[in-house]
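*Asks:* heads up, no residue letters with this:
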């Protein structure tokens, strides 16, 4: 299969790309600014390409999807992993910050889904997986923009699943849990400690476990419009 993983130069995206690559899938490693990280990820995958683009930009998204199609002729799996977070109380969150988070975490997956779905519809097959978050289901102090974007992503996931199901295109979302990636470690120490305390296992989630689950999911059929919770905190 041909797999496109956005934001795969580091963190969870890198783990997903590597796991797919180990299963002999062809992987398009996407980055926005971290080219060196993307090249390092791709170097560990036997059959890969590196593509750059801003998921917030619709024209740019069309170009990066075209580069994958031009290389391999198809896209079977899209993992919308690219995302950002900004930590601040609601009353301190500027309109610009809120818009930037929403544009990356919600508009980005929408742009990517639209661009990739056109090709998957011709193939009569495909799987789109959105990376959501516990914060989108429960809300979280200091993360109003991030939580809003991830909650909306669940709605996008289910709506897209209804529209694309007739073409045998599955659309699902995964909630990975709190991980010690660059994004997770940018949160304050109190938030990290709270995440561990709220966990049944009293531990952080591991990116590799989420990557393994996604590798399983892309090989299934008939499973769509689902939000898979891999977070050991109780919803």
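*Replies:* Received the coordinates, thanks. If you're wondering where the values come from, they're calculated on a predicted model, not measured in any experiment.
*Asks:* I'd like the distance between the closest residue to residue 144 other than its chain neighbours and residue 105.
*Replies:* Excluding its sequence neighbours, the residue lying closest to residue 144 (C-beta to C-beta, 6 or more residues apart in numbering) is residue 90, at 4.3 Å. Where C-beta positions appear, they are placed from N, C-alpha and C, glycine not excepted. Distance of residue 90 to residue 105, given as C-beta to C-beta, to the nearest Å: 17 Å.
*Asks:* Could you check how far the residue nearest to the spatial centre of the chain is from residue 176?
*Replies:* Centroid-nearest residue in the chain, with C-alpha atoms, centre = their mean: residue 81, separated by 1.9 Å. Using C-beta to C-beta, residue 81 is found at 9 Å from residue 176.
*Asks:* what do these two both touch?
*Replies:* Common contacts of residue 81 and residue 176, defined by C-beta atoms under 8 Å, 6 or more residues apart in numbering, comprise 12, 131.
*Asks:* Tally up the residues packed near residue 135, please.
*Replies:* Using other C-beta atoms under 10 Å, the number of residues around residue 135 comes to 22.
*Asks:* what residues are up against it?
*Replies:* The neighbours of residue 135, taking C-beta under 8 Å, 6+ apart as the test, are 143, 146-147, 150.
*Asks:* Same check on residue 30?
*Replies:* 4-9, 13, 38, 50-53, 64, 82.
*Asks:* ok, now with 10 Å
*Replies:* Shown in contact with residue 30 (C-beta atoms under 10 Å, 6 or more residues apart in numbering): 4-9, 13, 17, 38, 41, 49-53, 55, 64, 68, 79, 81-82, 112.
*Asks:* Inside helices: which ones of the residues you listed?
*Replies:* 13, 17, 38, 41, 64, 68, 112 (DSSP state H).
*Asks:* What's the end-to-end length of stretch 84-93?
*Replies:* Taking C-alpha to C-alpha, to the nearest Å, the first and last residues of stretch 84-93 lie 14 Å apart.
*Asks:* How about stretch 51-65?
*Replies:* 9 Å.
*Asks:* Same question for stretch 81-99.
*Replies:* Stretch 81-99 stretches 18 Å from its first residue to its last (C-alpha to C-alpha).
*Asks:* Over to stretch 119-133?
*Replies:* From start residue to end residue, stretch 119-133 stretches across 28 Å - C-alpha to C-alpha.
*Asks:* Local confidence estimate at the residue nearest to the centre of the chain?
*Replies:* Note for residue 81: predicted pLDDT of 98.
*Asks:* Number the chain from 44, please
*Replies:* Happy to do that; since the first residue is 44 now, the last one works out to residue 124.
*Asks:* wait, isn't it in contact with residue 172?
*Replies:* Yes: between residue 124 and residue 172 there is a contact under C-beta atoms under 10 Å: 8.5 Å.
*Asks:* Name the residues contacting each of the two.
*Replies:* Shared contacts of residue 124 and residue 172 (C-beta under 10 Å, 6+ apart): 48, 59, 152, 217, 257.
*Asks:* In strands only, show me these.
*Replies:* Applying DSSP state E to the shared contacts of residue 124 and residue 172, the entries found in strands are 48, 217.
*Asks:* Tell me the one among the shared contacts of residue 124 and residue 172 nearest to residue 210.
*Replies:* The shortest approach to residue 210 among the shared contacts of residue 124 and residue 172 belongs to residue 152, at 18.3 Å (C-beta to C-beta).
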